[in-house]
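S.K.: Model the structure of this input:
(one chain, ligands or ions: 3)
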Amino acid sequence: MLDAEFFRRWMTATAASVDREAERLTALDSPIGDADHGSNLQRGFTAVMAALEKDAPATPGAVLTLAGRQLISTVGGASGPLYGTLLRRTGKALGDAVEVSEEQLAEALRTGVDAVMTLGGAAPGDKTMIDALVPAVDALGDSFAAARSAAEQGAEATIPLQARKGRASYLGERSIGHQDPGATSAALLIAGLAEAADE
Ligand code: ADP
Ligand code: MG
Ligand code: MG
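M.R.: Ligands and ions are numbered 1, 2, ... in the order given. Alright, predicted model coming up:
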């Protein structure tokens, strides 16, 4: 069973990898965006960590809803409301249970990813974070490690795609040949989950 401490570790591992990879995320957002994805997420996850330290939420659901709220209120870019919705809706789906099973997490995360698709209107293949998140959720029934690989493969698979949502879509065919920054950060989020499970 997964408790609030597991979810705190998930957010901590993600914040650390976002810090580590911020320059790379911003560099990916340079040819097909406005070169701010790394700094956007760094600001967001710094706020998430500060809020978690201050409030110490007692349930998995409360950890994720608090984190989601922080992302929505501190990240200016498109990714803030989208990641914020992902975590808030996933947290809401977990309810107020003190511990949740891996199956419950997989189901809740599916609800969260669906909410991101509804909010942003993106489907798989549109060259967004969805291209990493959907395969990750599909693989989560197997293991955290399988979800991590699926997300990484999904992010790499955005390279030949033409963007149909977000800023990159303004480039039309010129968006082809570049890895999507949001799919790349989504793979970091899922890798954080696998890291939390390994500890
Ligand atoms: P902005 O484009 O506002 O500067 P970011 O650079 O932080 O925001 O985030 C860009 C990422 O957000 C993209 O790489 C893409 O993965 C994701 N994104 C943008 N629009 C959408 C959308 N409608 N649905 C899903 N993901 C999206
Ligand atoms: Mg950007
Ligand atoms: Mg921006």
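S.K.: Next, count neighbours for Ala157.
M.R.: Other residues within reach of Ala157 by the criterion other C-beta atoms under 10 Å amount to 18. (C-beta placed from N, C-alpha, C; glycine too.)
S.K.: surely it meets Val134?
M.R.: No: in this structure, Ala157 sits apart from Val134 without contact. The criterion is C-beta atoms under 8 Å, and the distance is 11.2 Å.
S.K.: In contact with the residue lying farthest from the centre of the chain, which residues?
M.R.: Distance from the centre of the chain peaks at Glu173, with 25.8 Å (C-alpha atoms, centre = their mean). Shown here is Glu173, whose contacts under the criterion C-beta atoms under 8 Å, 6 or more residues apart in numbering are Gln162.
S.K.: and the gap between it and Thr158?
M.R.: Glu173 sits 15 Å away from Thr158, going by C-beta to C-beta, to the nearest Å.
S.K.: And ligand 1, is the helix or strand encompassing Val113 touching that?
M.R.: Secondary structure from DSSP states H and E places Val113 in helix 102-120. Yes: contact between helix 102-120 and ligand 1 is present through Gly120 (criterion: C-beta under 6 Å from any ligand atom).
S.K.: And that helix, what does it pack against?
M.R.: For helix 102-120, the elements it packs on are helix 79-94, helix 130-139, judged by 3 or more C-beta pairs under 8 Å, 6 or more residues apart in numbering; DSSP states H and E.
S.K.: what is the mean pLDDT for the shortest one?
M.R.: Same thing as helix 130-139. The predicted model gives helix 130-139 an average pLDDT of 98.
S.K.: Thank you, goodbye.
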